[in-house]
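Return a 3D structure for these sequence lines:
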Amino acid sequence: MNFVPLKRRIYFWLSFTLLIMGIFSWFPYLIFNIQVPFGMLTTIINSIGMYLGYLSNNRLLALCNLIMVFSSIPVIGYIYLTKGYLPM
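Okay, the predicted model is just below:
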């Protein structure tokens, strides 16, 4: 029996789930205006998702998770500029 396609399918769906969780972790900051540190979970969650995307041989999913790993930089910049935390 060949379990390789089953493993890749499991890795794909786990990586996709972690990508969605990483996107939803920014909602308290951006949509609900709640200042809780859930957005920093994207660094950990999407790093694991990137590795699982690599194991599933899906480059697009691994790239999307990699982009979400570094999404904290523009989101934090956006929050600081729109909320007035930086003196102008």
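
Quick one: the helices in this protein, in order.
Secondary structure of the chain, counting by DSSP state H: helices at 4-24, 27-30, 41-55, 59-69, 72-83.

most neighbours per residue, which of those?
Among the helices of the chain, the stretch with the highest mean neighbour count (mean count of other C-beta atoms under 10 Å) is helix 41-55, at a mean of 20. Backbone N, C-alpha and C define where each C-beta goes, glycine included.

Neighbours of Ser25, how many?
Using other C-beta atoms under 10 Å, Ser25 is surrounded by 22 other residues.

The residue nearest the centre of the chain: what's it in contact with?
Against the mean C-alpha coordinate of the chain, by C-alpha atoms, centre = their mean, the closest residue is Gly22 at 3.4 Å. Shown here is Gly22, whose contacts under the criterion C-beta atoms under 8 Å, 6 or more residues apart in numbering are 41-42, 45-46, 49, 65, 68, 71.

One more: Leu19?
With contacts taken as C-beta under 8 Å, 6+ apart, Leu19 has the following neighbours: 46, 49, 61, 64-65, 68.

Now the residues you listed in a markdown table, please, with extra columns for pLDDT and distance to Tyr11.
Listed next are these as a markdown table, based on pLDDT from 0 to 100; distance: C-beta to C-beta, whole Å:
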| residue | pLDDT | distance to Tyr11 |
| --- | --- | --- |
| Asn46 | 93 | 15 |
| Gly49 | 94 | 10 |
| Leu61 | 94 | 9 |
| Cys64 | 94 | 14 |
| Asn65 | 94 | 12 |
| Met68 | 92 | 17 |
